[in-house]
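Enquirer: One predicted model, sequence on top.
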Amino acid sequence: MARLNSNWGWIGGLLACFFVTAFTQAEEVRLWQDASGRFQVRASLLSQSEDSVRLKAADGRELTVPIDRLSSGDQQYLKSLLAPSDNPFAGGTLVPEAALSVPSSGPVFSPSASAGDTLALPDTGTTVDLASGATVEFRVDPAASPSGIPGGTVSVSSVDAYDKISGPLLASRDGITVLTGIGRHQAGKPNEARGRIFAVNMSSRQADLVWDRPSATQVWAHDVASGNSLVLDKIDAMNRGGELLMVQGLVSGAANVLYTRTLPGAGRPGFAPQVQWAHLLGAGHALVMVNDTVYLWDLPAAQLLYRIERVGNTTPPTLSPGGRYLAVPTNGGATVIEIASGQVCGQVSGLGTLKPGLAFHDDGKQLLLCAGNQFLVWDCEAGVATAQATTTEQLGARPLHWIGPKMFRSQLGALVHVELGMAVWKYSLTVSADPLVVGDKLLVATSRREASLVAVDIPHAAADNALRRLFDAGDAAMLVTPGSSVAVAIESSVAGVDQGQIEASLGESIHRAGWKVDSNAPIKLVAKIGRGEPQELNFRNIGQGPLASGSKATLNPFTAELEIRRGSDVLWKRQSANHVPMILRLEEGETVQDAVKRFEKPNPEFFSALNLPPRIPKPELSSQIGMSTLADGTWRDLAGGNQPPARPLRPRR
């Protein structure tokens, strides 16, 4: 099987391979950083003493640096070199596989003693540079998955519009026990605030109340090995603020708060930190995303190991299944770092400029990136993109869930087959909490009049049937595929717009989709540039209050639109219009109307930036690509489900 190369490679000029160092310890050239994260040097280690290291920089200089001035990752690296070289795990007696226990996931961190019951968490220290080159090797990082959970519905508690659900979280290795929380905080009624957490047994269908406090609560993470849970308590009606609690014994009903940690910026006037994502790495270390920054904290010691800035609060990172690596979304791609050291393993790009949602597959090899109507699958072991497509469906970004080895469910519910490069079904969920996928079950917490945990098959029989028909029909099911011919028509109603420029821009998108232009083709791409309805805009100077009189201006926007048609049927459509930014900067001597006029212009480049779907199914087969919504604990098919059964599809995933 192919492995990662020891240098950077590019797939199609866009996708970067993961870099692998291939030196002995004495010769290893690596990136060294100081404790502040501001300074760095690429150098090899010549020697180390009790309090300093001697380095040979790549430019030939020899440096002596105090160890306590180095980053925590570099200090851990030095300690590893002093460890005994003999293998303490050599020898032993072979144990039958059935008797082996499941190892705990995540990087190995030394446990810390609690430095106090209530402490503030720091937010300054070492910052990971996601733009740096790769310095550590990526190794496939799978984990033993739960064997599965039984299907069905478990009633948890009655709820109303002010109750907010958190979870579900797997709380046992067999996947049977699940934690879910119900937090209540109604603005103006602090006496009604309440936080409850339930331990739910999906097999016996029993929900036990294991936490009940007079403040709104969210349960964010659980470590099965230690039995510790990370709980956010005392949040407001907007899910902001609060305190991180480390709770032991929550699953058993004997909850004990080990310590409390205050979020950075808590209590600052006009500021309320908001936890966006969190994951426990063992008993006391945690990755926590607060606003748009990810922190790795040693929670008992209230110490910051490092932070990752400007991640964005809509697309959090994701962990590899074994917990060794963190994939962080970047503009158009992702950067993978080794969690223990904070060092970069590699980078992937190729999805334009949007920050994608990310998901590692359970096999630890595949990383899924998804943004807009595009997705990309990266094989981390081989260092190549194995699938990349633009779909007719808008997919969204996160959450993402792998369904078997070749399908995933997108944020907007599309079930996408990566080999077909298209959506094959849509699963609609009207819930606020992110679901989980465990084996062949989708596990979701619902909150309509009653909070319940529901486990349902995904894909279910109707989706299996539809997918079978698409595979059996092959390209005959498609109106267009890569290599198809399409016609182009320009319908611009605006004088002075260069139609040749529109056609040239659209030609770039057609080329990327793999199509050919033929004026006689039955599928036609119709491009339009026109004028929209005038809009009256109101502005006020920065610093003026909301009641201050401002300035008015009129925007008469240019519009751009593309339709893919077969006859009079519109198969796919995208459109855009001029807009004015929220903050308008005036040039010297310029009026507000003059400044607005600068943004009022035709945009032929819109057509070159489009991500056209290379495969579009025929309408008669599109009707079989149905939709299901969750109702009363089961999938209710809204379309495409009334077809005769097909032979089992499971092996093809």
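Expert: Structure's in. What do you need? Values in this document were obtained by computation on a predicted structure and should not be read as measured data.

Enquirer: just the strands in the stretch 101-250 of the chain please.
Expert: 118-120, 152-158, 163-170, 177-184, 194-201, 206-213, 217-223, 228-233, 243-248 (DSSP state E, counting those that start in this stretch).

Enquirer: So for Thr554, which of those strands sits nearest?
Expert: Among the strands of the stretch 101-250 of the chain, strand 163-170 comes nearest to Thr554, with 42.1 Å by C-beta to C-beta. Where C-beta positions appear, they are placed from N, C-alpha and C, glycine not excepted.

Enquirer: what does the closest one rub up against?
Expert: 146, 159, 177-184, 200, 216-222, 224, 239, 431-433, 435-436, 438, 443-447, 451, 453 (C-beta atoms under 8 Å, 6 or more residues apart in numbering).

Enquirer: Of those, keep whichever come out buried.
Expert: Buried subset of these (neighbour count, 16 or more other C-beta atoms under 10 Å): 146, 159, 177-184, 200, 216-222, 224, 239, 433, 435-436, 438, 443-447, 451, 453.

Enquirer: quick revisit: turn the strands of the stretch 101-250 of the chain into CSV, including mean pLDDT and distance to Pro107.
Expert: Listed next are those as CSV, based on pLDDT from 0 to 100; distance: least, C-beta to C-beta, whole Å:
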stretch, mean pLDDT, distance to Pro107
strand 118-120, 96, 23
strand 152-158, 93, 33
strand 163-170, 92, 19
strand 177-184, 94, 23
strand 194-201, 95, 27
strand 206-213, 95, 28
strand 217-223, 95, 13
strand 228-233, 96, 16
strand 243-248, 96, 18
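
Enquirer: low-confidence ranges in the stretch 451-600 of the chain?
Expert: 543-549 (pLDDT under 70).

Enquirer: For it, just list every one of the strands.
Expert: Going by DSSP E, counting those that start in this stretch, the stretch 451-600 of the chain shows strands at 478-480, 485-490, 516-517, 523-531, 535-539, 551-555, 558-566, 569-577.

Enquirer: is Glu338 in a bridge, and if so with what?
Expert: Residues in a beta bridge with Glu338, per DSSP bridges, are Tyr325.

Enquirer: these two touch, right, Gln33 and Ser71?
Expert: Yes. Using C-beta atoms under 8 Å, Gln33 is in contact with Ser71, at 4.2 Å.

Enquirer: who are the neighbours of the lengthiest helix in the chain, in terms of helices and strands?
Expert: For the chain, the longest helix by residue count, based on DSSP state H, is helix 499-513. Applying 3 or more C-beta pairs under 8 Å, 6 or more residues apart in numbering; DSSP states H and E, one finds that helix 499-513 makes contact with strand 485-490, strand 516-517, strand 523-531.

Enquirer: Columns distance to Leu45 and mean neighbour count on top of those, output as JSON lines?
Expert: Putting those into JSON lines (distance: least, C-beta to C-beta, whole Å; neighbours: other C-beta atoms under 10 Å) gives the following:
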{"stretch": "strand 485-490", "distance to Leu45": "59", "mean neighbour count": "16"}
{"stretch": "strand 516-517", "distance to Leu45": "57", "mean neighbour count": "14"}
{"stretch": "strand 523-531", "distance to Leu45": "59", "mean neighbour count": "19"}
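
Enquirer: Of the ones you listed, which is nearest Ala466?
Expert: strand 523-531 (23.0 Å).

Enquirer: Go ahead and name everything in contact with the closest one.
Expert: Contacts to strand 523-531, defined as C-beta under 8 Å, 6+ apart, come from residues 479-480, 484-494, 497, 502-503, 506, 510, 556-566, 571, 602-604, 607, 616.

Enquirer: Tell me how many other residues surround Asp379.
Expert: Using other C-beta atoms under 10 Å, the number of residues around Asp379 comes to 16.

Enquirer: wait, it sits on Gly364?
Expert: No. Look at Asp379 against Gly364 with C-beta under 8 Å: they stay out of range, at 11.0 Å.

Enquirer: And Met478, how close does it get to Val592?
Expert: 50 Å (C-beta to C-beta, to the nearest Å).

Enquirer: more crowded one of the two?
Expert: Neighbours were tallied for Met478 and for Val592 using other C-beta under 10 Å; the higher tally belongs to Met478 (19 against 16).

Enquirer: Show me what the more buried one is bridged to.
Expert: Pro617.
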